[in-house]
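In: build me a model from this:
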Amino acid sequence: MKNFIATITVLTCLLPLQAQIRTAQDYYDYITDRQSVVEASLIGFSNALETDSAGLMYGKLKIFKDDCEKMAGYMDDLAPFRGHTAWRDALRDLYIFYYKLCEREYVQLVDYSLRLTQLTELEYRQLADMMNMLTEEENKKVEAVNMAREDFLKKFGPVNMREPKAGEEK
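Out: Below is the predicted model of the structure:
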């Protein structure tokens, strides 16, 4: 009985979302609105790294991590659009990638940023190596997102490619 109630509860929560997404435009808007949330919090974190405020850096890192987790969950809950899942799945992978970075590498990046003038030559090399590796991995994931998005647009477009405001969410 508990499983039945849990299933009904989950279905009830998902139905309104799926009922809202009927067209390629709806799907496109839903995904891009969520993308803008992650982009805005990534920019916020990046800007915080340019300050000397540990509180601001760690605060923006937490917001970014939370947004990545939340948006990955939204991608998990999003049903395929006419069988198409590549764009949704590529974004989910990117958000999980960022989330994992927030647990280790980005914490280390905050530490380096706070001690920038005191880093040893070895730490500078480690920082450069870490940033090169992360940039390379991120570029691969972003390229997968872009290719999947283009594939979606070829199959279901054209759509009105409005740009959501930073931090805007439907």
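
In: tell me the pLDDT at the residue nearest the centre of the chain?
Out: Here the mean C-alpha position of the chain is nearest to the C-alpha of residue 95 (CA atoms, centre = their mean), at a distance of 3.6 Å. At residue 95, the pLDDT value in this model is 98.

In: swap in residue 115?
Out: You'll see residue 115 listed with a pLDDT of 93.

In: check the one 10 residues further on too.
Out: The confidence metric pLDDT takes the value 96 at residue 125.

In: give me the buried positions along the longest helix along the chain.
Out: When the chain is parsed with DSSP state H, its longest helix is helix 121-156. Going by neighbour count (16 or more other CB atoms under 10 Å), the buried part of helix 121-156 is 127, 141, 144, 145, 148, 149, 152, 156. C-beta: built from backbone N, CA, C; applies to glycine.

In: likewise for stretch 31-46?
Out: Here stretch 31-46 shows 31-38, 40-42, 44-45 as buried, counting by 16+ other CB under 10 Å.

In: OK, contacts around residue 110?
Out: With CB atoms under 8 Å, 6 or more residues apart in numbering as the criterion, the residues that contact residue 110 are 49, 54, 57, 58, 61.

In: grab the nearest non-local neighbour of the fourth one.
Out: Read that as residue 58. Distances taken as CB to CB, 6 or more residues apart in numbering put residue 110 closest to residue 58, at 6.4 Å, once the chain neighbours are dropped.

In: which strand or helix spans the one you found?
Out: helix 105-114 (DSSP states H and E).

In: next one: residue 75
Out: Per DSSP H and E, residue 75 falls inside helix 54-77.

In: output the contacting helices and strands for that helix.
Out: Where contact means 3 or more CB pairs under 8 Å, 6 or more residues apart in numbering; DSSP states H and E, helix 54-77 is packed against helix 24-48, helix 86-103, helix 105-114.

In: now distance to residue 120 too, for those helices, in JSON lines please.
Out: What follows is the helices and strands packed on helix 54-77, written out as JSON lines (distance: least, CB to CB, whole Å):
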{"stretch": "helix 24-48", "distance to residue 120": "24"}
{"stretch": "helix 86-103", "distance to residue 120": "23"}
{"stretch": "helix 105-114", "distance to residue 120": "11"}
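
In: one step back: please produce TSV containing the buried residues of stretch 31-46, extended by pLDDT and distance to residue 65.
Out: Shown next, in TSV, are the buried residues of stretch 31-46 (pLDDT from 0 to 100; distance: CB to CB, whole Å):
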residue	pLDDT	distance to residue 65
31	95	20
32	95	21
33	95	20
34	96	16
35	96	17
36	96	17
37	97	13
38	97	11
40	97	14
41	97	9
42	97	11
44	97	12
45	97	9
